[in-house]
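>>> The sequence isn't on hand, but the structure is:
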């Protein structure tokens, strides 16, 4: 067994590196990339003549150092460059609009400032009344496909 590992251990390391890189390409978490780099350390130590048990220890140690020391700050740096713009429901919170069809507690329609027309109802946090077409509103929540709105300050129909 020792003779086989001494002669063909580099193939095992190459296969492990390829497997880890392939998994990393699917997950994109940098975990398997660090394990692939640790396996690369095992491969290099094997090519330099280290016994198989030392190759294994070096690969595991290098993987752990990379996973615990390099991966967390690298993930933080990558998240820092993310897109700061809000999307989906988050982008609608606080967005203004105008009433198209009378809005009350049971429903109505509003055209938001982004050009979309939504089914809307009055928020339960405001005194019940009907908002007339042309009044300015703000979105406070999204409930399914319904915008929950409140009248804005300084309404001018």
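Cool, got the structure. In this text the structure is predicted, and so the values were computed from the model without any measurement.
>>> How far off centre is the worst-scoring helix or strand of the chain on mean pLDDT?
Using mean pLDDT, DSSP states H and E, helix 88-92 stands out as the lowest-scoring helix or strand of the chain, at a mean of 80. From the chain centre to the centre of helix 88-92 is a distance of 15 Å (Cα atoms, centre = their mean, to the nearest Å).
>>> contact partners of that helix?
The contact list for helix 88-92 (Cβ atoms under 8 Å, 6 or more residues apart in numbering) reads 85, 112, 114, 139, 142, 147. In short, each C-beta sits where N, CA and C put it, glycine included.
>>> what's the answer for stretch 63-72, then?
By Cβ under 8 Å, 6+ apart, the residues outside stretch 63-72 that reach it are 30, 31, 34, 35, 37, 38, 39.
>>> Arrange the residues you listed in JSON lines, one row each, with secondary structure as further columns.
Compiled in JSON lines, the contacts of stretch 63-72 are given as follows (DSSP: H, G, I helix; E, B strand; the rest coil):
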{"residue": "30", "secondary structure": "coil"}
{"residue": "31", "secondary structure": "helix"}
{"residue": "34", "secondary structure": "helix"}
{"residue": "35", "secondary structure": "helix"}
{"residue": "37", "secondary structure": "helix"}
{"residue": "38", "secondary structure": "helix"}
{"residue": "39", "secondary structure": "helix"}
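>>> Tell me which helix or strand residue 33 sits in.
When secondary structure is defined using DSSP states H and E, the element that contains residue 33 is helix 31-47.
>>> Going by neighbour count, which residues in that helix are buried?
For helix 31-47, burial by neighbour count (16 or more other Cβ atoms under 10 Å) applies to 31-46.
>>> Kindly report the same for stretch 85-94.
Across stretch 85-94, burial judged by 16+ other Cβ under 10 Å covers residue 92.
>>> Would you mind measuring the gap between the ends of that stretch?
According to Cα to Cα, to the nearest Å, stretch 85-94 extends 14 Å from its N-terminal end residue to its C-terminal end residue.
>>> Run the angle between the one helix or strand residue 11 maps to and helix 31-47 for me.
Secondary-structure assignment from DSSP H and E places residue 11 in helix 2-27. Counting by axes from the mean of the first three to the mean of the last three Cα atoms, to 10 degrees, helix 2-27 lies at 160 degrees to helix 31-47.
>>> Against which helices or strands is helix 2-27 packed?
Contacting helix 2-27 under the criterion 3 or more Cβ pairs under 8 Å, 6 or more residues apart in numbering; DSSP states H and E are the following elements: helix 31-47, helix 52-65.
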